[in-house]
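>>> based on what follows, work out the 3D shape:
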Amino acid sequence: MSLLDGIKGPQDLKRLRRDQLPQLAQEMRDRLIECCSITGGHIGASLGVIELTIALLYEFDSPTDKVLWDVGHQAYAWKLLTGRNDRFPTLRTTNGISGFLKRSESEHDQFGAGHAGTAMSAALGMATARDLRGEAHKVVAVVGDGAMTCGLSYEGMNNAGHSDRDIILIVNDNGMSISPNVGAVSKMLGSIVASPTTNKVRDGIKAVTLKLGEHFGDGVVDFARKVEESTKNLFSPGMLFEELGFRYFGPIDGHDVEKLCEQLRFVRGMSGPRVVHVITQKGKGFTHAESNQEKWHGLAAYDPVTGEPRKKASGPPTWTQVFGDGLTQLAEAHPELVAVTAAMPSGTGTNIFQKAHPERFFDVGIAEGHAVTFAGGLATQGIRPVVAIYSTFLQRAYDNVIHDVAVQHLPVVFAMDRAGLVGEDGQTHMGLYDIAYMLAVPDMTVTAPKDGDELIGLLKMALAHDGPVSTRYPRDKAPAEPRHARDIPAVPYGTWELLRPGRDVAILAVGTMVQPALAAAEKLAADGVEASVVNCRFLKPLDRELLERLAQDHRAFVTVEEGTVVNGFGAYLAEHMQTTHPEVRVVALGVPDRLVEQAPRPDQLAAFGLTADGIAARIAALRAEEPLEAR
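Numbers count the residues shown, from 1 in each chain. Sure thing, here's the model as predicted:
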């Protein structure tokens, strides 16, 4: 039996000798590569922290000691060693284990993590609660894989550093988030690693301190530590952490598991805020992931030998590809256009724009709020920024959208990828709320395209509009290959599109729901129900002219949107109709008010009736309740 097979929890790990840990690390790498080749997932970051994961569980006592992982996709190795190895092949599948940290999944998952930057603040909250309750366990925050470009991490550090609370920060420095890290902090961490003088002085002082600790009393050790701190401040860029109130240790080779154990055991015996700087390689131990760290951050099922996808791409391009190509083409005719993203060039398709127009591309790191306000500053000077951020991540910048863009009536375009249901990424990444939160923003134009041509047409409209505009599209393939941007006209502002006339019921479809609505109308027609289908590409403002015509001819409207029904488009339209045409019934179809578990995206759409069959069945049920025919 392998070492890994014998580990059902941290106590089994602690029974191993230290010299067995490298073998365990290799077995864990093999396990991750094998399982993720079937399920897909965020393999790169987890391969890089295997030794760190082993050392943390070897030297600390989880779950009594609280170990929090920032950015949950670092935690696959953590799952293997905390009782989930047997279930690991179910990763990201329906009813399987989550691709992120989830408190309901294990007592060792101390804090749910799907978005970056949460560990430091949550860890300080736990350390404070420990002290209020008079307890004595350790609290460790593992911050990495780009989270050190996230402002929330520094807010937590600023609060924790001078609190004198017993808290340990592990900086997992792999130089990456999804793409290479950007900014001054990344450069600073790199300079710590690259400075041979700093490392030599630090190692010498550390050796003296450790030796004194073995042979002399506390007074001599305290004096030696003061010498250590003074020397580090004189020679080391690590003084940033020191000035924030953390004692700094590192940098340490994050793939030397025995050295990691030694260092963590030493730091564990101390008190107060301290930081351990660990250097890791994203994708460590898997040639394909090492050679292309951005591609292997997270991906679908692959052949573990060749690294090629198990399913070859075919058919129309993805919405992300359409957006990236279209934006790049638009930039040729709009020299004032720039692209802004938050550590997601490849994920948002802006890497295509970056290659063509590098001087007009800005990756600000995992700092969504900063990205929005930065774009607002650009817009005050006549630049037309397009901010490309996942729907779920733009939630983090909501105040910036309102205060720094909408209130000031600035022409910033928000392109929200991964809108709607996101499949295997699960609860933390669902893009279900952007319709609701954008509709609530005064002065915001809210749009959703039915296909790639319309996406580009809406972007053209947005670039000509004096004010903020948002648009959304899913993690999926577009319905068809779009034309070149030069051949696509701007969508007329505030207009809908009547795609199919009818008389019994009007289906008002948003974005991705237009094609299923048309197919549903065909099914209803076979049963004698004539449904109008409207492409509501503008959610705000409403096309009042077409809406008035529809209200004259239909007793019922059925809105269909791939988003939450709470305060969504259906609710927005119902409020309007109640004051203008209370005799027209409005029924909203969408995602109900609940968290959505991981599953393939088609299964999620079917589960909520957001398919042709589901829409047709719901309308048929409404007809059974009361007649919907025209007045």
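
>>> in this protein, where is pLDDT below threshold?
Within the chain, the segments meeting pLDDT under 70 span 145-146, 175-238, 285-300, 627-631.

>>> tell me who's in contact with the residue nearest the centre of the chain.
In the chain, the residue lying closest to the centroid (CA atoms, centre = their mean) is His115, at 5.1 Å. Neighbouring residues of His115 by CB atoms under 8 Å, 6 or more residues apart in numbering: Val71, Thr392, Phe393, Arg396, Thr428. C-betas here are computed from N, CA, C, even on glycine.

>>> what's the local residue count around the nearest residue to the fourth one once chain neighbours are set aside?
Closest residue to Arg396 in three dimensions, ignoring its sequence neighbours and counting by CB to CB, 6 or more residues apart in numbering: Glu368, at 4.6 Å. The number of residues packed near Glu368 is 29, by other CB atoms under 10 Å.

>>> related to what we said a few turns ago, secondary structure and neighbour count for the contacts of His115 - can I get that in CSV?
Shown next, in CSV, are those (DSSP: H, G, I helix; E, B strand; the rest coil; neighbours: other CB atoms under 10 Å):
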residue, secondary structure, neighbour count
Val71, coil, 27
Thr392, helix, 23
Phe393, helix, 25
Arg396, helix, 22
Thr428, helix, 19
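
>>> return the member of these nearest to Arg87.
Thr428 (19.3 Å; CB to CB).

>>> quick check on the residue nearest to the centre of the chain: phi, psi?
Dihedral pair for His115: phi -100, psi 160, per degrees, to the nearest 10.

>>> out of the contacts of His115, which one sits closest to Tyr473?
Among the contacts of His115, Thr392 lies closest to Tyr473 (CB to CB), at 13.7 Å.

>>> wait, the closest one touches Thr428, no?
Yes. Between Thr392 and Thr428 there is a contact under CB atoms under 8 Å: 7.1 Å.

>>> what is the end-to-end distance of stretch 389-407?
End-to-end distance for stretch 389-407: 20 Å, by CA to CA, to the nearest Å.

>>> stretch 395-407 too?
Stretch 395-407 end-to-end distance (CA to CA) = 17 Å.

>>> summarise which helices and strands the lengthiest strand in the chain is packed against.
Secondary structure of the chain per DSSP state E: the longest strand is strand 556-564. In terms of contacts (3 or more CB pairs under 8 Å, 6 or more residues apart in numbering; DSSP states H and E), strand 556-564 is packed against helix 434-439, strand 505-509, helix 569-580, strand 585-591, helix 612-625.

>>> let's see that with 6 Å instead.
Contacts defined by 3 or more CB pairs under 6 Å, 6 or more residues apart in numbering; DSSP states H and E place strand 556-564 against strand 505-509, helix 569-580, strand 585-591.

>>> state the distance from the closest residue to Gly609 other than its chain neighbours to Glu583.
Closest residue to Gly609 apart from its sequence neighbours, by CB to CB, 6+ apart: Arg618 at 5.6 Å. Distance from Arg618 to Glu583, counting by CB to CB, to the nearest Å: 21 Å.

>>> out of those two, which sits in the busier spot?
Of the pair Arg618 and Glu583, Arg618 is the one with more neighbours under other CB under 10 Å, namely 17 against 8.

>>> going along the chain, name the helices of the stretch 401-550 of the chain.
434-439, 452-464, 514-526, 544-553 (DSSP state H, counting those that start in this stretch).

>>> the ones you listed: which one's closest to Glu105?
Glu105 lies closest to helix 434-439 among the helices of the stretch 401-550 of the chain, at 26.9 Å (CB to CB).

>>> ok, and what's touching that closest one?
Here helix 434-439 makes contact (CB atoms under 6 Å, 6 or more residues apart in numbering) with 391, 416, 419, 444, 446, 470, 472, 540, 563-564, 567-569, 572.

>>> so how far is that helix off the chain centroid?
18 Å (CA atoms, centre = their mean, to the nearest Å).

>>> what residues of it count as buried?
Going by neighbour count (16 or more other CB atoms under 10 Å), the buried part of helix 434-439 is Asp434, Ile435, Ala436, Tyr437, Met438, Leu439.

>>> can you check stretch 378-386 too?
Leu378, Ala379, Ile383, Arg384, Pro385, Val386.

>>> cool, stretch 484-497 as well?
For stretch 484-497, the neighbour count (16+ other CB under 10 Å) marks Ala485, Ile488, Val491, Tyr493, Gly494, Trp496, Glu497 as buried.

>>> and stretch 424-433, how far from the chain's centre?
The answer for stretch 424-433 is 9 Å, by CA atoms, centre = their mean.

>>> and it, how far apart are its ends?
End-to-end for stretch 424-433, by CA to CA: 18 Å.

>>> give me the contacts around that stretch.
So stretch 424-433 is in contact with 92, 98, 100, 114, 391-392, 418-420, 422, 563-564, 591, 595-596, 598, going by CB under 6 Å, 6+ apart.

>>> filter these down to the buried ones, ChimeraX style.
Applied in ChimeraX, the following selects the buried portion of the contacts of stretch 424-433 according to 16+ other CB under 10 Å:
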select :92,98,100,114,391,392,418,419,420,422,563,564,591,596,598
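
>>> of the contacts of stretch 424-433, closest to Ser346?
Closest to Ser346, out of all of the contacts of stretch 424-433 and judged by CB to CB, is Arg418, at 13.0 Å.

>>> my guess is the closest one contacts Arg472. True?
No. Counting by CB atoms under 6 Å, Arg418 stays clear of Arg472, with 9.0 Å between them.

>>> overlap in contacts of the two?
Listed contacts common to Arg418 and Arg472 are nil; contacts here mean CB under 6 Å, 6+ apart.

>>> OK, contacts around the nearest residue to Gly420 once chain neighbours are set aside?
Once flanking residues are discounted, Gly420 sits nearest to Glu562: 3.7 Å by CB to CB, 6+ apart. Counting by CB under 6 Å, 6+ apart, Glu562 makes contact with Gly420, Thr512, Met513, Leu610.

>>> now swap in Asp404 and tell me
Neighbouring residues of Asp404 by CB under 6 Å, 6+ apart: Thr373, Gly376.

>>> picking up where we left off before, roughly how far apart are the residue nearest to Gly609 and Ala113?
Applying CB to CB, the value for Arg618 to Ala113 is 36 Å.

>>> also Ala525?
Note on Ala525: its distance to Ala113, by CB to CB, is 48 Å.

>>> also Ile402?
Distance, Ile402 to Ala113, using CB to CB: 26 Å.

>>> can I assume Asp173 is in contact with Ile279?
Yes. Using CB under 6 Å, Asp173 is in contact with Ile279, at 5.4 Å.

>>> okay, these two: which has more neighbours?
More crowded of Asp173 and Ile279, by other CB under 10 Å: Asp173, with 25 against 21.
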